[in-house]
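# show me how the following folds:
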Amino acid sequence: MIEQRVNLTKNQGVDLNNTGRLSAVGTVLDSSWFLTLNQGDITDSETWRLS
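Residues are numbered from 1 along each chain as shown. Next up, the predicted model:
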């Protein structure tokens, strides 16, 4: 399962702020795994952090 959440905010006179969180859950070779990526800016992959 994969889930992507995106938050878009805009304050008066400021550019659009976009953040997100990508989560995934699955199984490989009888083991389960969970992954979360915090996306400080969804348009810039260098700001994404694995948690």
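
# element containing the spatially most central residue of the chain?
Against the mean C-alpha coordinate of the chain, by C-alpha atoms, centre = their mean, the closest residue is residue 21 at 2.3 Å. Remark: residue 21 resides in strand 17-28, with elements defined by DSSP states H and E.

# flag every buried residue along the helix or strand following that strand.
Once the chain leaves strand 17-28, the next helix or strand it forms, by DSSP H and E, is strand 31-39. With burial defined by 16 or more other C-beta atoms under 10 Å, the residues of strand 31-39 counted as buried are residue 39. All C-beta atoms are positioned from the backbone trio N, CA, C, and that covers glycine.

# how about stretch 14-32?
Buried residues in stretch 14-32, counting neighbours by 16+ other C-beta under 10 Å, are found at 18, 20, 21, 22.

# make JSON lines out of these and add pLDDT and distance to residue 32.
Output for the buried residues of stretch 14-32, formatted as JSON lines (pLDDT from 0 to 100; distance: C-beta to C-beta, whole Å):
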{"residue": "18", "pLDDT": "91", "distance to residue 32": "31"}
{"residue": "20", "pLDDT": "94", "distance to residue 32": "24"}
{"residue": "21", "pLDDT": "94", "distance to residue 32": "20"}
{"residue": "22", "pLDDT": "94", "distance to residue 32": "18"}
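
# report the two of these separated the most.
The largest separation in the buried residues of stretch 14-32, counting by C-beta to C-beta, is between 18 and 22 at 13.2 Å.

# by contact count, what packs against the helix or strand of the chain with the lowest mean pLDDT?
Using mean pLDDT, DSSP states H and E, strand 48-50 stands out as the lowest-scoring helix or strand of the chain, at a mean of 89. Helices and strands touching strand 48-50, as assessed by 3 or more C-beta pairs under 8 Å, 6 or more residues apart in numbering; DSSP states H and E, comprise strand 31-39.

# mean confidence score for stretch 5-12?
Regarding stretch 5-12, the rounded mean pLDDT is 88.

# give me the residues contacting it.
16, 17, 18, 19, 20, 21, 22, 23, 42 (C-beta atoms under 8 Å, 6 or more residues apart in numbering).
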